[in-house]
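K.L.:
Here's a sequence, model it:
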Amino acid sequence: VCVIGIGDMGSGLAKNLIAAGYQTSGYDLKPQRMEDFRQLGGEASTSTEIAGTGAEAAFIMVMNGDEVRDVVFGTDGNGGLRSVLEPGSVIILSATIKPKEARGIAIDLEGSGLLMVDTPVSGGRPGADNGTLTLMAAGTEAALSKAKPFMEAVSGTIHIVGEEIGVGQTVKACLQSLIGAIFTATYEASVLAGKAGVSGEVLRKVFATSGAGNGITDVTLEKVITREFEKTGSHINTMHKDLTISMALGQELGVPLHTAAAAMQIFHAGKTKYPNGDNWVCTRVIEEIVGAELHR
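P.N.:
Numbers count the residues shown, from 1 in each chain. The predicted structure is shown next:
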């Protein structure tokens with residue numbers, strides 16, 4: 001198996017594939033990521049093509065649709081995984097991209113003999129590291145059957161959401177519209193509490209044991225009250241990108257997304273002010289407006 005894109009998420013995929021006993025090759029543009037991959041026991045390659053040679057399955061965990069296309073077809077359309085994977089091998093698209101981009105890649109793979117599963121993930125870096133990711137998998141019966149043991153090695157839950165490529169990405173877009181709203185509502189609530197002089201620990205405990213309790217809010221409040229805004233494994237670029245996908249799908253389908261749009265703007269403000277921050281750094285933008293912070 002190979003993993004293309006060995007960042008916060010891809011490194012977790014690789015770690016669990018190696019732990020499951022798979023011979024795992026990989027490629028990433030950043031040298032430090034490749035060195036970290038070697039330390040995990042992976043076979044670091046010097047190109048996508050070398051990483052994919054001989055692989056039965058290839059995970060793609062890059063940032064956007066253009067990068068996925070380059071990985072699959074090469075920058076000039078004559079390389080990439082399509083040029084080296086044997087017929088019957090499966091491409092496991094675990095990156096989050098636009099549904100129409102995933103469908104376009106599947107169309108262009110027709111006749112190649114390669115299988116494809118569209119399966120974005122949820123769970124963040126902790127889920128990737130611990131092998132507990134939730135997968136939203138779509139593909140033919142043959143593709144899903146081929147990919148199943150590899151997906152089981154990196155996940156806690158696999159949802160089969162459809163047969164057509166793009167359905168997985170569509171479900172992920174719906175999920176991210178909700179997660180974005182939960183994030184930003186939590187940021188606002190934390191600043192409201194901070195301005196009012198409420199203890200951060202009190203707020204976290206009350207939220208956790210109320211009807212509003214959920215893992216996203218709990219983790220977010222913990223990061224806010226401990227003032228951890230960078231290098232926590234949840235870079236703001238990823239969620240910002242995911243929300244643009246949700247908004248684009250809403251526009252394409254004519255669905256108003258008022259709450260997701262508000263979340264998008266808060267993430268946009270956070271990314272502009274603190275481009276190296278993680279998701280929770282959006283809280284700082286709101287804090288700076290009112291001159292208050294939430295602490296333990």
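K.L.:
any residues touching the least confident helix or strand in the chain by mean pLDDT, and which ones?
P.N.:
Across the helices and strands of the chain, mean confidence by mean pLDDT, DSSP states H and E is lowest for helix 124-130: a mean of 91. With contacts defined as C-beta atoms under 8 Å, 6 or more residues apart in numbering, helix 124-130 is touched by 8-13, 15-16, 121, 132-134, 154, 156, 232-234. For every residue, glycine as well, the C-beta is placed using N, CA and C.
K.L.:
Please indicate which of those are buried?
P.N.:
8-13, 15-16, 121, 133-134, 154, 232-234 (16 or more other C-beta atoms under 10 Å).
K.L.:
Give me the phi and psi for E287.
P.N.:
Main-chain dihedrals, E287, degrees, to the nearest 10: phi -60, psi -40.
K.L.:
Which pLDDT does the model give it?
P.N.:
What the model reports for E287 is a pLDDT of 97.
K.L.:
Tell me the helix or strand right after the longest strand along the chain.
P.N.:
Ranked by residue count under DSSP state E, the longest strand found in the chain is strand 155-162. Counting by DSSP states H and E, the element after strand 155-162 in chain order, helix or strand, is helix 167-196.
K.L.:
and that next one, how far out from the chain's middle?
P.N.:
Computed by C-alpha atoms, centre = their mean, to the nearest Å, the chain-centroid distance of helix 167-196 equals 15 Å.
K.L.:
With stretch 49-66 instead?
P.N.:
Put simply, stretch 49-66 sits 16 Å off its chain's centre (C-alpha atoms, centre = their mean).
K.L.:
Could you list every helix and strand in contact with the helix or strand where A51 lies?
P.N.:
A51 is part of helix 48-52 when elements are defined by DSSP H and E. Packing contacts for helix 48-52, counted by 3 or more C-beta pairs under 8 Å, 6 or more residues apart in numbering; DSSP states H and E, involve strand 2-4, strand 25-27.
K.L.:
Assign R204 to helix, strand or coil.
P.N.:
helix (DSSP: H, G, I helix; E, B strand; the rest coil).
K.L.:
Enumerate every residue touching it.
P.N.:
218, 221-222, 225.
K.L.:
of the helices and strands packed on helix 48-52, which approaches F73 most closely?
P.N.:
When those are ranked by distance to F73, counting by C-beta to C-beta, first place goes to strand 2-4 at 12.6 Å.
K.L.:
Give me the buried positions along the longest strand of the chain.
P.N.:
155, 158, 160-162.
K.L.:
pLDDT for these - can I get that in a markdown table?
P.N.:
As requested, the buried residues of strand 155-162 are exported to a markdown table (pLDDT from 0 to 100):
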| residue | pLDDT |
| --- | --- |
| S155 | 96 |
| I158 | 98 |
| I160 | 98 |
| V161 | 98 |
| G162 | 97 |
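K.L.:
the strands in this protein, which residues?
P.N.:
Using DSSP E, strands in the chain cover 2-4, 25-27, 43-44, 57-60, 90-93, 115-118, 121-122, 133-138, 155-162.
K.L.:
export those strands to TSV and tack on distance to H258?
P.N.:
Below are those laid out as TSV (distance: least, C-beta to C-beta, whole Å):
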stretch	distance to H258
strand 2-4	37
strand 25-27	41
strand 43-44	46
strand 57-60	33
strand 90-93	30
strand 115-118	28
strand 121-122	23
strand 133-138	24
strand 155-162	25
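K.L.:
do you know which of the ones you listed lies nearest P275?
P.N.:
strand 121-122 (23.9 Å).
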